[in-house]
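Q: need a structure here:
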Amino acid sequence: MLLFQIRLEQNSLTLRGSSTESVGCVLRGQLVLVITEPIKSKEIKLTFQGKSKTAWDSGNITETSEKRILYRHDWVFFAAQEKYHVLQPGNYCWNFELSLPGKLIETIEHCNRSYVRYSLKATLKRPTFSQNIHTKRKIQINRCLMSNYFNSLQSVVLINSWRNKVEYEFSIGTGYFCLEDKIPVELIMKPLIKGINIHRFNLIFEEHRTYNIGPKTMKEVVIIDIKRDSSPIPFVDETWIKNEEMSIPKFRCLADSENNQIRIEHKVRFDVTFQIEDKDYYEVTASLPVIITSCPSPIGTMFDTLPTYNSYYFDREINEDFL
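A: From the prediction side, this is the model:
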């Protein structure tokens, strides 16, 4: 019987603040080896690595693509030497710790063909003609943007008028939301002339992605949620009032990210088509920025304890090669 496993103090790490504010975070864990019979080993090594890929189509066939190694650190627990290490039956445990800089890009997945990934990979090198033993573990790095957190807790409101024909007030609950939250939206419109009616109403939650490779840039907009309504909007006290909720599904929406490779931003936008005197159609549009984070709150820290040795049956390892 042989067990070779990476165990982590925390299943995910959090960088608090922007890349210029954050003091970083600490990765801690154990590499565990359990054997019931002697084995020979040339080297036991653990590698932490972060890598990224930025890519988009430049035409029908050509892909613009760049891969980078963002960070790498190695621990060597048994160094290679002239003679093999002979490990006797028993439990072996090597603690590891690594201070990660706050400027690291947070994990980004499911972003077209682009990504930022971090992982740990341990290797037990065996003698020639014996198969090496590997184990891997994915590391999730999140970021909580703290600079505008308290300001963004206030209601975000846009008040404007269109051609002296309609006044509107467009508001969302706050400017800071977590994945799987709901965004409450209110639109209040007051006609300033007679004979104007609402023909169609659209509310759109957009994700704006900007990809950068050197001087090359590509932008795309992904629709996360949309509400369309052509039914009459309630007209109370000579005012139209529309209330909706926009979804932030975790499986489709990415958290905001500010970096020079893959930038993620979000907006809530409305489009309203007005008809004047049953003849001419006019479209009014406006948008408000929102911050989407993977952290419920930038205040407070969550800790997970290390699992016991007999809990390895429940640990999930990665089959995909992240390195």
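Q: what's the average pLDDT for stretch 20-31?
A: Mean pLDDT, stretch 20-31: 95.
Q: one more: stretch 145-162?
A: On average, stretch 145-162 scores 74.
Q: cool, stretch 56-67 as well?
A: On average, stretch 56-67 scores 80.
Q: for that stretch, measure first residue to last.
A: 12 Å (Cα to Cα, to the nearest Å).
Q: spit out the contact partners of Gln88.
A: Contact analysis of Gln88 by Cβ atoms under 8 Å, 6 or more residues apart in numbering lists Pro38. To be clear about C-beta, it is placed using only N, CA and C from the backbone, and glycine gets the same treatment.
Q: wait, doesn't Ser257 sit right on Cys144?
A: No - applying Cβ atoms under 8 Å, one finds Ser257 not in contact with Cys144, separated by 11.9 Å.
Q: quickly list what's touching both of the two.
A: Common neighbours of Ser257 and Cys144 (Cβ under 8 Å, 6+ apart) do not exist.
Q: give the residue spans of this structure that score low on pLDDT.
A: For the chain, the stretches with pLDDT under 70 are 1, 59-62, 146-153, 296-323.
Q: and the residue most central in space within the chain, which of the three is it?
A: Central residue check for the chain by Cα atoms, centre = their mean: the C-alpha nearest the mean position is that of Ala255, 4.0 Å away. Look at Ala255: counting by DSSP: H, G, I helix; E, B strand; the rest coil, its state is coil.
Q: with Glu169 instead?
A: strand.
Q: for it, give the beta-bridge partners.
A: Ile159, Ile188 (DSSP bridges).
Q: measure stretch 95-111 end to end?
A: End-to-end for stretch 95-111, by Cα to Cα: 34 Å.
Q: where do the strands sit along the stretch 51-200 of the chain?
A: 63-78, 85-87, 90-100, 108-111, 114-125, 133-144, 156-162, 166-172, 176-178, 182-191, 196-213 (DSSP state E, counting those that start in this stretch).
Q: got those as JSON lines, with distance to Leu27 columns?
A: Below are these laid out as JSON lines (distance: least, Cβ to Cβ, whole Å):
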{"stretch": "strand 63-78", "distance to Leu27": "9"}
{"stretch": "strand 85-87", "distance to Leu27": "26"}
{"stretch": "strand 90-100", "distance to Leu27": "5"}
{"stretch": "strand 108-111", "distance to Leu27": "18"}
{"stretch": "strand 114-125", "distance to Leu27": "8"}
{"stretch": "strand 133-144", "distance to Leu27": "7"}
{"stretch": "strand 156-162", "distance to Leu27": "36"}
{"stretch": "strand 166-172", "distance to Leu27": "36"}
{"stretch": "strand 176-178", "distance to Leu27": "23"}
{"stretch": "strand 182-191", "distance to Leu27": "33"}
{"stretch": "strand 196-213", "distance to Leu27": "27"}
